[in-house]
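Engineer: Give me a 3D structure for the following:
(chains A and B)
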Amino acid sequence: MQAAIEVQGLRKSYADTVGVQDVSFTVEHGEIFGIVGPNGAGKTTTVECIEGLRVPDGGQISVLGLDPGSDRSRLTQRLGVQLQDSELPERLRVGEALRLYSSFYAAPADWRELMEQLGLTPKERAKFGKLSGGQRQRLSIALALIGQPEVVVLDELTTGLDPQARRDTWALIEGVRARGTTVLLVTHFMEEAERLCDRVAVIDSGRVIALDSPAALAASAQAEQRIRFRPTSPLDDQLLRELPDVISVQRHGGQVTVTGTSNVVNAVTSLLASRNIVAEQLRVDQGSLEDAFVALTGGHDTSGPGTGPASEIGRTNVG
Amino acid sequence: MSADTLTTTLPGPARRPALAQLTRTELTLFLRERTGPIWGIVFPVVLLIIFGAIPSFRKPVSSSLPGVSVLDSYVPILLAFVLAMIALNVLPPVLAGYREKGVLRRLSTTPVGPARVLTAQLIVDTAAAGSTMVVLVLVARTGYGVPFPRQPLGFAVAAVLAAIALLSLGLFLAAVTPTGRAANAIGAMLFFPMMFFAGLWLPQAAMPSVLRHISHETPLGAAVQAMTTAWQGQWPHPLQLITLAAYAVALTVAATRLFRWE
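Structural biologist: Residues are numbered from 1 along each chain as shown, chains lettered A, B, ... in the order given. Presented below is the predicted three-dimensional model:
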């Protein structure tokens, strides 16, 4: 069976910016596929080419076996889209927008049901201009799903949402996938990609620089581990430094922070055990997608909150 | 199985067509946005009622035209007022705002595409302006004895050409203004001089000849002149009809070339 989305050698340049230089990836049916990258890396340009909003300068794109440029009428029936920064008329009510958009599709979802699922029923008669950021975002997701698409493209899904609304949205997207819809997600929240995506393409300066599962990407970038603890009795830093797996030891008050290679956790805990020292408030920082992202893109822009605790390690890894 | 249950189980074409739904939505929004209903519909009718209540407006406009009252000469101006208000102050801000806010872009990712919302908006504007113009003519006739146009066909041709020219101007403004706010400002700035040349404050007949000549070159001036001529029983002067048609063609071509969906 054909892949849901195939992008091969995509190129798109603008007068003043890089745009997209060479982007290739394949999204399988039923997958949640993430595109991450710094601002201006070419993420949105890539998905706009997939949506048929922009004409590529080079390369091939196939969505459900269709060409986004020439098969528009057939593709738009099967591809749902959530755009970054797209609004509705201020005075249009939630229920009216859903009913209107459902009239565009040959086999639309029941808009009342969708409104209920997205928790918008209490807002049915509210005007778009009066909705909160989270409500607008949910409405735009509902509109992306109203045609019962086989593939849905979501661009900066949770930007501007508070943490609770963000988590609710994630649960919703998992529900969408559970129904068999393929999801292409553009984000700059690593936590979001890590939580939702089966695979992630990291785009930087218009190229795919890494493509794997979030766990594999995190593992590849994260050779170092970091442990923090408070020893119950005095502990000589020198003993820790002598361990072969340890790279550095730092102290902040009573707290010791040890970084080292992948075996450092075992080495340190064995040492403590042999001295009968208990490590209180023990914390181990595993590598995260955030670290991988910073390592891969050189950390020139992570744009946004949620910087993981171990970002610095990722950075030293590169350097 | 009844026909009803059959249609509900069949997906697809039995549904309400998208254009009808879009037009209905645009009409709802037109009514909710106060500019169109208040200034494009209610205000001109109220103005007619006020003019009709002024005794001096019932007198002949001049001794050379004994059958034509001042009120008679104002009805075509009010018709032009309706057209200008809707074409300049409703249409451009709506469409430029849709572009600015990404409404058109969002529509172009649906099977319907963005062009049909333009069609829907034009249908609503044409219907609103057309029905208000009919109401004005009827109120003038029944309330104040203003006769119907004596050259009905010529009047219809002039009114339709005027509507097309004004709506083309509206589309042109929507094409060249970047935001809804800018479209609003430019529409309002054009409205007053154009209404001046239409004769709202100073009837064309009373204008100095230089102003009158300029007036006949403007869309609203030509429209009022053509409608007035037909009202009094003569076929409108070809020059005015050609002027209106030229505006319509040039502005439509320019709007089509310049309009951007995003």
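
Engineer: And stretch B:61-71, end to end?
Structural biologist: One end of stretch B:61-71 to the other measures 8 Å (CA to CA, to the nearest Å).

Engineer: What is the three-state secondary structure of residue A:248?
Structural biologist: Counting by DSSP: H, G, I helix; E, B strand; the rest coil, the backbone at residue A:248 sits in strand.

Engineer: Identify the residues contacting it.
Structural biologist: Residues in contact with residue A:248, defined by CB atoms under 8 Å, 6 or more residues apart in numbering or on different chains, are A:258-260. All C-beta atoms are positioned from the backbone trio N, CA, C, and that covers glycine.

Engineer: per-residue confidence for residue A:39?
Structural biologist: Per-residue confidence at residue A:39 stands at 83 (pLDDT).

Engineer: Compute the number of surrounding residues for residue 115.
Structural biologist: Picked chain A for this. The number of residues packed near residue A:115 is 23, by other CB atoms under 10 Å in any protein chain shown.

Engineer: Sorry, I should have been clearer: chain B.
Structural biologist: Residue B:115: 13 surrounding residues under other CB under 10 Å.

Engineer: go on, the one 10 residues further on?
Structural biologist: Residue crowding around residue B:125 was assessed by other CB under 10 Å; the count is 24.

Engineer: before we move on, which element is it in?
Structural biologist: Per DSSP states H and E: residue B:125 is located in helix B:115-144.

Engineer: cool, residue A:80 as well?
Structural biologist: Assigned by DSSP H and E, residue A:80 falls in strand A:79-82.

Engineer: so, in contact with chain B or not, that strand?
Structural biologist: Yes: for strand A:79-82, a contact with chain B is found by CB under 8 Å from any CB of the partner chain, at A:79, A:81.

Engineer: hey, C-alpha coordinates of that strand in CSV?
Structural biologist: Output of strand A:79-82 as CSV, limited to C-alpha atoms (Å, rounded to 0.1, in the frame of the first residue of the first chain):
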residue,chain,number,x,y,z
LEU,A,79,-6.8,16.0,3.6
GLY,A,80,-7.7,18.0,6.7
VAL,A,81,-5.7,21.1,7.4
GLN,A,82,-5.0,23.3,10.4
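
Engineer: Packing partners of it?
Structural biologist: The helices and strands touching strand A:79-82, judged by 3 or more CB pairs under 8 Å, 6 or more residues apart in numbering or on different chains; DSSP states H and E, are helix A:133-145, strand A:151-155.

Engineer: so which of those gets nearest chain B?
Structural biologist: Closest approach to chain B among the helices and strands packed on strand A:79-82 (CB to the nearest CB): helix A:133-145, 7.7 Å.

Engineer: Does anything pack onto the closest one? Which helices or strands?
Structural biologist: strand A:79-82, helix A:94-102, helix A:111-117, strand A:151-155, helix A:163-178.

Engineer: pLDDT on the shortest one, on average?
Structural biologist: Per-region confidence: strand A:79-82 scores 96 on mean pLDDT.

Engineer: Now find how far off-centre that strand is within its chain.
Structural biologist: Centroid separation for strand A:79-82 versus its chain: 17 Å, with CA atoms, centre = their mean, to the nearest Å.

Engineer: thinking residue A:231 is in contact with residue A:276, fair?
Structural biologist: No: Residue A:231 is beyond contact range of residue A:276, at 10.7 Å (criterion: CB atoms under 8 Å).

Engineer: So for those two, which residue has more residues nearby?
Structural biologist: residue A:231 (16 against 8).

Engineer: what's the angle from the strand or helix carrying residue B:84 to helix B:115-144?
Structural biologist: Residue B:84 is located in helix B:70-89, with elements delineated by DSSP H and E. Using axes from the mean of the first three to the mean of the last three CA atoms, to 10 degrees, the inter-axis angle of helix B:70-89 relative to helix B:115-144 is 160 degrees.

Engineer: number of nearby residues for residue B:166?
Structural biologist: If we define neighbours as other CB under 10 Å, then residue B:166 has 29 of them.

Engineer: For residue B:231, which of the helices and strands packed on helix A:133-145 is the nearest?
Structural biologist: Residue B:231 lies closest, by CB to CB, to one member of the helices and strands packed on helix A:133-145: helix A:94-102, at 41.4 Å.

Engineer: show me where chain A has helices.
Structural biologist: Per DSSP state H, chain A carries helices over the ranges A:43-51, A:72-78, A:94-102, A:111-117, A:133-145, A:163-178, A:190-196, A:214-221, A:237-242, A:264-274, A:289-297, A:311-318.

Engineer: and the ones you listed as a markdown table, adding distance to residue A:251?
Structural biologist: Formatted as a markdown table, the helices of chain A follow (distance: least, CB to CB, whole Å):
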| stretch | distance to residue A:251 |
| --- | --- |
| helix A:43-51 | 41 |
| helix A:72-78 | 59 |
| helix A:94-102 | 56 |
| helix A:111-117 | 52 |
| helix A:133-145 | 43 |
| helix A:163-178 | 32 |
| helix A:190-196 | 29 |
| helix A:214-221 | 27 |
| helix A:237-242 | 7 |
| helix A:264-274 | 14 |
| helix A:289-297 | 23 |
| helix A:311-318 | 17 |
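
Engineer: any idea which of these scores lowest on pLDDT?
Structural biologist: Mean pLDDT is lowest for helix A:311-318 among these, at a mean of 32.

Engineer: ok so, going back, tell me which of the helices and strands packed on strand A:79-82 is the most buried.
Structural biologist: Comparing the helices and strands packed on strand A:79-82 by mean neighbour count (mean count of other CB atoms under 10 Å in any protein chain shown), strand A:151-155 ranks first with a mean of 24.

Engineer: ok, and does that one reach over to chain B?
Structural biologist: No: counting by CB under 8 Å from any CB, chain B is not contacted by strand A:151-155; separation bottoms out at 8.7 Å.

Engineer: Off-centre distance for that strand?
Structural biologist: 12 Å.

Engineer: From the contact counts, what lies against it?
Structural biologist: Packing partners of strand A:151-155 (3+ CB pairs under 8 Å, 6+ apart): helix A:43-51, strand A:79-82, helix A:133-145, strand A:182-187.

Engineer: Tell me which of these sits nearest to residue B:24.
Structural biologist: helix A:133-145 (17.6 Å).

Engineer: hang on, residue B:214 in a helix?
Structural biologist: Yes: membership of residue B:214 in a helix is supported by three-state DSSP.

Engineer: And it, how close does it get to chain A?
Structural biologist: 38 Å (CB to the nearest CB, to the nearest Å).

Engineer: Repeat that for residue B:152.
Structural biologist: Residue B:152 sits 38 Å away from chain A, going by CB to the nearest CB.

Engineer: Now do the same contact list for that residue.
Structural biologist: Contacts for residue B:152 (CB under 8 Å, 6+ apart) come out as residue B:230.

Engineer: and what of residue B:129?
Structural biologist: With contact taken as CB under 8 Å, 6+ apart, residue B:129 is in contact with B:40, B:82-83, B:86-87, B:163.
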